[in-house]
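**Student:** Can you look at this prediction? I've put the sequence above it.
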Amino acid sequence: MSKKFQVVIVGGGTAGITVAARLMNEENPPSSVAIIEPSDKHWYQPLWTLVGGGVFPKEDSMRDEGDFIPDGVEWIKDEVTTFAPDDNKVETAKNGEIGYDALIVCPGIQIDWGKIEGLKETLGKNGVASNYSYDHVDQTWAFLEDFGGGNAIFTYPDTPIKCAGAPQKIMWLAEHHFNRIGVRSETDVYFASAGGGIFGVAHYGEPLGRLVKQRDIKTRFKHTLKKVDGKKKKATFDKEGEEVVMDFDFIHVTPPMSAPDFIKKSPIAAESGWVDVDKHTTQHNKYKNVFSLGDASSLPCSKTGAAIRKQAPVTVENVQAFLKKRPLKGSYDGYASCPLVTGYGRLILAEFGYGGVPMESFPFDQRQERYSMWLLKTQGLPNMYWHGMLRGRA
């Protein structure tokens, strides 16, 4: 074994950096902490919806990873290839075996571009866009700027995804934009979703359903995108076993997502492929010195940065308790937040926990569109992320 640490964190994204910062801010931090992360860049991905809507340049979403590795934490710039939880170690691509007393697994989610036939070949061309790629997110706005009317389709896959509200956020921005440039009357806006409704939490699905009617959004539920032909401008969907082909002039694709392959193939994965943890403690259901939070975990909540913000202190508390051989008292209630952009200067702030129970922060009806919540999304939350959350202070 080349190295051993008291705590090893797999993944240096939102969850990994937040947990590392909180650990090092503890009165008695672990004696040694390492983050295994191959990327030298860090992205604030919630901004990508607004990049696709022409509000920000994509460069505003990116920082150097090294600027956020907490003092006292060793950054192993490498990839984990396999887990050996029975031996308390992970195998890396370049640094060999890394041992641990406690392991925190948070490598994020895998985007499965190849599961939609033709998507990789036409993405960023022929009116085919996706805000889920940093390389192509600015192309969304380029297409919207040049849009002259026709069919605009916004898709939602049949898998868990990061931020379940994001596929409709860009739709609402685009619909508003079409009105502003005078082509809305010549445009059919479609929300083609594998799901059965506009939003999974009924408390917010009701007002969103009203907006769908008011703004003449054509919903196509139980439609799962299977193929994109960019040159012919045709999208092929599966609707409960039936093939449905739709013409498009613009299509925003939300690709299928899953746990990273190296997680799926490992002994720490549940049958679903996600890291198998208790939904309240974030502790692994079999390997008690393994914890997981964020998008790669099996936590049955919305996969958002706001969820991680609440999962991180619970995980840190419980990891510290485990290391000190004390009972785990930290408990996560499933809290997640989805700032539902419904147009430029308009936002419904959805906040909820396990079971879709509303868990709202403000003393007003958050189901109403508000400019103040738009300011929170565009100004407040990015600052909280970079200067608070990633520093272990928020």
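**Tutor:** Cool, the structure landed.
**Student:** Pull the contacting residues for Ala34.
**Tutor:** 3, 5, 7-9, 73-76, 98 (C-beta atoms under 8 Å, 6 or more residues apart in numbering). (C-beta placed from N, C-alpha, C; glycine too.)
**Student:** Actually, Gln320.
**Tutor:** Contacts of Gln320 by C-beta under 8 Å, 6+ apart are 23, 26, 28, 30.
**Student:** One more pass at 7 Å, please.
**Tutor:** Glu26 (C-beta atoms under 7 Å, 6 or more residues apart in numbering).
**Student:** Am I right that it is in a helix?
**Tutor:** Yes - using DSSP: H, G, I helix; E, B strand; the rest coil, the assignment for Gln320 is a helix.
**Student:** since we're on the nearest residue to Ala174 once chain neighbours are set aside, how many residues are nearby?
**Tutor:** Spatial nearest neighbour of Ala174, chain neighbours left out: Leu144 (5.6 Å); criterion: C-beta to C-beta, 6 or more residues apart in numbering. Counted with other C-beta atoms under 10 Å, the neighbours of Leu144 add up to 22.
**Student:** any idea which element Leu144 lies in?
**Tutor:** Per DSSP states H and E, Leu144 falls inside helix 137-146.
**Student:** Can I get that helix in CSV, CA atoms only?
**Tutor:** Taking C-alpha atoms only, helix 137-146 is exported to CSV below (Å, rounded to 0.1, in the frame of the first residue of the first chain):
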residue,chain,number,x,y,z
VAL,A,137,-23.6,24.8,-23.1
ASP,A,138,-22.9,28.1,-24.9
GLN,A,139,-24.2,26.6,-28.1
THR,A,140,-27.7,26.4,-26.6
TRP,A,141,-27.8,30.2,-26.5
ALA,A,142,-26.3,30.5,-30.0
PHE,A,143,-29.2,28.4,-31.3
LEU,A,144,-31.8,30.3,-29.3
GLU,A,145,-30.5,33.6,-30.6
ASP,A,146,-30.9,32.5,-34.2
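**Student:** Just list what it packs against, helices and strands only.
**Tutor:** Packed against helix 137-146 by the contact rule (3 or more C-beta pairs under 7 Å, 6 or more residues apart in numbering; DSSP states H and E) you find helix 48-52, strand 128-129, helix 166-180.
**Student:** Pull up the pairing partners for the shortest one, direction included.
**Tutor:** Strand pairing for strand 128-129, determined by DSSP bridges: strand 250-252 (parallel).
**Student:** average pLDDT for the strand it pairs with?
**Tutor:** Across strand 250-252, pLDDT averages out at 98.
**Student:** Can you tell me which of the helices and strands packed on helix 137-146 is nearest to Ser361?
**Tutor:** Set against Ser361 and scored by C-beta to C-beta, the helices and strands packed on helix 137-146 come closest in helix 166-180, at 19.4 Å.
**Student:** How about residues contacting the closest one?
**Tutor:** 49, 52-53, 131, 140, 144, 147, 152, 154-156, 184, 187, 189, 191, 198, 215, 252, 254, 340-344.
**Student:** and the residues you listed, which of them are in helices?
**Tutor:** 49, 52, 140, 144 (DSSP state H).
**Student:** What does the pLDDT read for the second one?
**Tutor:** Pointing back at Gly52 there. 98.
**Student:** quick one, what contacts the closest residue to it other than its chain neighbours?
**Tutor:** Closest residue to Gly52 apart from its sequence neighbours, by C-beta to C-beta, 6+ apart: Thr140 at 3.5 Å. Neighbour list for Thr140: 52, 129, 131, 170, 252 [criterion: C-beta under 7 Å, 6+ apart].
**Student:** residues near the first one, how many?
**Tutor:** Translated: Gly52. 29.
**Student:** Hmm, it is touching Val137, no?
**Tutor:** Yes - under the criterion of C-beta atoms under 7 Å, Gly52 makes contact with Val137 at 5.4 Å.
**Student:** Common neighbours of those two, please.
**Tutor:** Asn131.
**Student:** Just the element for Cys301, please.
**Tutor:** Going by DSSP H and E, Cys301 is not in any helix or strand.
**Student:** And it, how far from Glu351?
**Tutor:** 12 Å (C-beta to C-beta, to the nearest Å).
**Student:** repeat for Asn285
**Tutor:** Distance from Asn285 to Glu351, by C-beta to C-beta: 28 Å.
**Student:** When these two are compared, which one has more neighbours?
**Tutor:** Glu351 (20 against 15).
**Student:** which stretches of the stretch 1-150 of the chain aren't confidently modelled?
**Tutor:** 1 (pLDDT under 70).
**Student:** Around the closest residue in space to Gly148 that isn't next to it in sequence, count how many other residues there are.
**Tutor:** Leaving out its chain neighbours, the residue that sits closest to Gly148 by C-beta to C-beta, 6+ apart is Val183, at 6.0 Å. Val183 is flanked by 15 other residues according to other C-beta under 10 Å.
**Student:** Now do the contacts for Val183.
**Tutor:** By C-beta under 7 Å, 6+ apart, the neighbours of Val183 are 147-149.
**Student:** quick one: which of those residues is most hemmed in?
**Tutor:** Phe147 (19 neighbours).
**Student:** wait, isn't that one in contact with Phe248?
**Tutor:** No - contact status for Phe147 versus Phe248: not in contact, 11.1 Å apart, counting by C-beta under 7 Å.
**Student:** okay, now Thr378: neighbour count?
**Tutor:** Neighbours of Thr378 using other C-beta under 10 Å come to 18.
**Student:** whoops, I mixed them up, Tyr371
**Tutor:** 11.
**Student:** For it, which residues are in contact?
**Tutor:** Here Tyr371 is in contact with Gly345 (criterion: C-beta under 7 Å, 6+ apart).
**Student:** what's the distance between it and Trp386?
**Tutor:** For Tyr371 relative to Trp386 (C-beta to C-beta), the value is 23 Å.
**Student:** Equivalent analysis for Ala307, please.
**Tutor:** 18 Å.
**Student:** Among the two, which residue is more densely surrounded?
**Tutor:** Set side by side, Ala307 and Trp386 show more neighbours around Ala307, with 26 against 15, by other C-beta under 10 Å.
**Student:** for the more buried one, what are its contacts?
**Tutor:** Ala307 touches 301, 335-336, counting by C-beta under 7 Å, 6+ apart.
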